[in-house]
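Q: curious how this folds, go ahead:
(4 chains)
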There are 2 protein chains.
Amino acid sequence: MAGRPREFDRDAALEAAMFLFWRKGFEAASMHDLCEAMGVRSPSLYAAFESKEALYLAAIEHYVRTQGPPVWDKLADGKTAREGIENLLIGATETLPKSRTAPAGCMAVLGAVSDEWPATIARAIRKVRLDMLGNLRARIEGAVASGELPATTDIDALSRFYLSVFQGMAIQAKDGATPAELRGAAKAAMAAWPGEA
Amino acid sequence: MAGRPREFDRDAALEAAMFLFWRKGFEAASMHDLCEAMGVRSPSLYAAFESKEALYLAAIEHYVRTQGPPVWDKLADGKTAREGIENLLIGATETLPKSRTAPAGCMAVLGAVSDEWPATIARAIRKVRLDMLGNLRARIEGAVASGELPATTDIDALSRFYLSVFQGMAIQAKDGATPAELRGAAKAAMAAWPGEA
DNA sequence: TGAATTATGTGTTGATCATTACAGAAAGGC
DNA sequence: GCCTTTCTGTAATGATCAACACATAATTCA
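A: Residues are numbered from 1 along each chain as shown, chains lettered A, B, ... in the order given. The predicted model follows:
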């Protein structure tokens, strides 16, 4: 037995919440701001999303699902792992800076970076960052298996290194770095590829 | 004409505030927490530091003055710029992870990384990050001038690149990376030095 | 000794926060 | 038409927040 139908689009509201959390973080985005951005009154919001904390968790999941692939799918592009990682980094130089449609930076890289975000949120975001590391690691492992990289390659070190470049670029994008400026950093990072001149 | 003398050590209190801000950020460190950590009642705190915002500004200045040099002075160590930057990064692998005496991460790298920190604080922190970039840039410029690096070196790209490695390592330290793990990333980053095999 | 000055401690202020009570409205099932 | 269910809007809840009023204590200068 269905009651009164919901008058707002749950997905559109979630996306609006995502953008606000992306820009402001968890604490600074107040329920008042969120209601306004989502075009929903607070009781409807609580009925649909349970709590501010649960809303954030839904928002970052939506973020990973919608904003992640355009960036991270590039890691699989190209025949070699070297090309894949370069494609990832160069792609990020375009998406990380502020644009007409998106805030600067990366919600997952820059979130929960101080203590005393709710523990569940900190855990969820840390998991996303660990997944980034895992993605890089998997690509590099593949390159070692295929012989693109020597068996002596320090896989952990190399994946952690490229993750740190990505994360650092996110901070600099937040500080206003342009795609061209980030591209310089990305190109420089590729010179660290084993065997590079 | 001096009135009643202050009963607490202003510098010790400032340092306690610094550590709390370092760990929690601006918003999440409440005046209540700060008073407790500093061992001071709020009216005394306001008399000595004016406001929470001004206290944060004093705290980050104290941070740069006391925590910066042990890390950034290493940039001048070594005969070459390459050695200096390697010393900086390797040194950071020891100081960035959580220790008995210090929280994980870097107050300047990880601060004001979301919107809606007070504008004056965001400006101050961004300036510290810009100074980091300037320090790297100056060292690399010197290396080009002395002939250590070719005149064709992309100075902006190289300094931005090493800044991003430093900043990324700060995030990973916050996520629990160990000195050994960070050392791998730092060593890998040095392979990007122009002319490296 | 007393006047001026500055710190301290208690307790409060208005604002803002996330969350919810409550009453009315819109749908389906009978 | 009526009951159940679910959503919407208004308005309130207690909690916490930064900041401060006020009275008192400690010091210096005259």
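
Q: how about the top helix by length along chain A: buried residues?
A: Taking DSSP state H as the criterion, chain A has its longest helix at helix A:119-146. By neighbour count on 16 or more other C-beta atoms under 10 Å in any protein chain shown, the buried set for helix A:119-146 is A:121-122, A:124-126, A:128-129, A:132-133, A:135-137, A:139-140, A:143-144. To be clear about C-beta, it is placed using only N, CA and C from the backbone, and glycine gets the same treatment.

Q: do that helix and DNA strand C meet at all?
A: No - residues of helix A:119-146 are not located near DNA strand C by C-beta under 7 Å from any atom of the strand, the shortest gap being 11.7 Å.

Q: now that helix: mean pLDDT?
A: Mean per-residue pLDDT for helix A:119-146: 98.

Q: what's the first helix or strand after that helix?
A: helix A:155-174 (DSSP states H and E).

Q: so what does that following helix touch, helix or strand wise?
A: helix A:81-95, helix A:107-110, helix A:119-146, helix A:179-190, helix B:155-174, helix B:179-190 (3 or more C-beta pairs under 8 Å, 6 or more residues apart in numbering or on different chains; DSSP states H and E).

Q: pLDDT on that helix, on average?
A: 98.

Q: what's the angle between it and helix A:179-190?
A: Angle, helix A:155-174 to helix A:179-190, by axes from the mean of the first three to the mean of the last three C-alpha atoms, to 10 degrees: 170 degrees.

Q: list the buried residues of helix A:155-174.
A: A:155-174.

Q: could you dump it to PDB, C-alpha only?
A: What follows is helix A:155-174 as a C-alpha-only set of coordinates in PDB (Å, rounded to 0.1, in the frame of the first residue of the first chain):
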ATOM      1  CA  ILE A 155      55.400  -2.000  -6.600                       C
ATOM      2  CA  ASP A 156      54.300  -0.500  -3.300                       C
ATOM      3  CA  ALA A 157      56.700   2.400  -3.600                       C
ATOM      4  CA  LEU A 158      55.700   3.200  -7.200                       C
ATOM      5  CA  SER A 159      52.000   3.100  -6.600                       C
ATOM      6  CA  ARG A 160      52.200   5.100  -3.400                       C
ATOM      7  CA  PHE A 161      54.300   7.600  -5.300                       C
ATOM      8  CA  TYR A 162      51.800   8.100  -8.100                       C
ATOM      9  CA  LEU A 163      49.000   8.300  -5.600                       C
ATOM     10  CA  SER A 164      50.800  11.100  -3.800                       C
ATOM     11  CA  VAL A 165      51.100  13.000  -7.000                       C
ATOM     12  CA  PHE A 166      47.400  12.700  -7.600                       C
ATOM     13  CA  GLN A 167      46.600  13.800  -4.100                       C
ATOM     14  CA  GLY A 168      49.000  16.700  -4.200                       C
ATOM     15  CA  MET A 169      47.500  17.900  -7.400                       C
ATOM     16  CA  ALA A 170      44.100  17.900  -5.800                       C
ATOM     17  CA  ILE A 171      45.300  20.200  -3.100                       C
ATOM     18  CA  GLN A 172      46.900  22.500  -5.600                       C
ATOM     19  CA  ALA A 173      43.800  22.600  -7.600                       C
ATOM     20  CA  LYS A 174      41.900  23.700  -4.500                       C
END
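
Q: pretty sure residue A:166 contacts residue A:133?
A: No - using C-beta atoms under 8 Å as the test, residue A:166 is too far from residue A:133 to be in contact (9.9 Å).

Q: against which helices or strands is the helix or strand harbouring residue A:67 packed?
A: Assigned by DSSP H and E, residue A:67 belongs to helix A:52-72. Helices and strands touching helix A:52-72, by 3+ C-beta pairs under 8 Å, 6+ apart, are helix A:10-24, helix A:31-38, helix A:42-49, helix A:81-95, helix A:107-110, helix A:119-146.

Q: who touches that helix?
A: A:14-15, A:17-18, A:21-22, A:26, A:31, A:34, A:45, A:49, A:88, A:91-92, A:95, A:102, A:107-108, A:111, A:118, A:120-121, A:124-125, A:128, A:132, A:135 (C-beta atoms under 8 Å, 6 or more residues apart in numbering or on different chains).

Q: are any of these buried, and if so which?
A: Members of the contacts of helix A:52-72 classed as buried by 16+ other C-beta under 10 Å are A:14-15, A:17-18, A:21-22, A:26, A:34, A:45, A:49, A:88, A:91-92, A:95, A:102, A:107-108, A:111, A:118, A:121, A:124-125, A:128, A:132, A:135.

Q: can you get me a residue count around residue A:148?
A: 17 (other C-beta atoms under 10 Å in any protein chain shown).

Q: how many neighbouring residues does the closest residue to it other than its chain neighbours have?
A: The spatially closest residue to residue A:148, leaving aside those adjacent along the chain, is residue A:80, at 5.4 Å (C-beta to C-beta, 6 or more residues apart in numbering or on different chains). As a burial measure, residue A:80 scores 15 neighbours (other C-beta under 10 Å).
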